[in-house]
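[1] just a sequence and a predicted model for now, questions to come.
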Amino acid sequence: MGYTLPQAQCLGIDASARQIEQGQALLAELNLPNVRNFGCASQPARGNAPGT
């Protein structure tokens, strides 16, 4: 998407650190400065966890 739409700002989010690392390497190889990847930790929303 970032390749075909160079004016767009694209964001990727993944819970897997390995997938983020692979994505960052690919973005560097393809020279896509308009695409960014971020990792996130999956945790239950506050109040939905047992005991809260």
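    Cool, the structure landed.

[2] strands along this structure, start to end?
    Secondary structure of the chain by DSSP state E: the strands cover 10-14, 35-39.

[3] of all the ones you listed, which one comes closest to residue 3?
    Of all the strands of the chain, strand 35-39 sits nearest to residue 3, with 8.3 Å by Cβ to Cβ. (C-beta placed from N, C-alpha, C; glycine too.)

[4] what packs against the closest one?
    For strand 35-39, the elements it packs on are strand 10-14, helix 17-30, judged by 3 or more Cβ pairs under 8 Å, 6 or more residues apart in numbering; DSSP states H and E.

[5] ok, the residue sitting nearest the centre point of the chain - contacts?
    Centroid check for the chain by Cα atoms, centre = their mean gives residue 13 as the closest residue, at 2.5 Å. By Cβ atoms under 8 Å, 6 or more residues apart in numbering, the contact set of residue 13 is 37-40.

[6] run the last query once more with 6 Å
    38, 40 (Cβ atoms under 6 Å, 6 or more residues apart in numbering).

[7] redo the helices and strands packed on strand 35-39 as JSON lines? Include mean pLDDT and distance to residue 4.
    Rendered in JSON lines, the data for these read as follows (pLDDT from 0 to 100; distance: least, Cβ to Cβ, whole Å):
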{"stretch": "strand 10-14", "mean pLDDT": "90", "distance to residue 4": "10"}
{"stretch": "helix 17-30", "mean pLDDT": "90", "distance to residue 4": "12"}
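
[8] quickly compare the strands of the chain and say which is most buried.
    Among those, strand 35-39 has the highest mean neighbour count (mean count of other Cβ atoms under 10 Å), at a mean of 15.

[9] show residues contacting it.
    2, 10-13, 17, 20, 23-24, 27.

[10] all set now, cheers.
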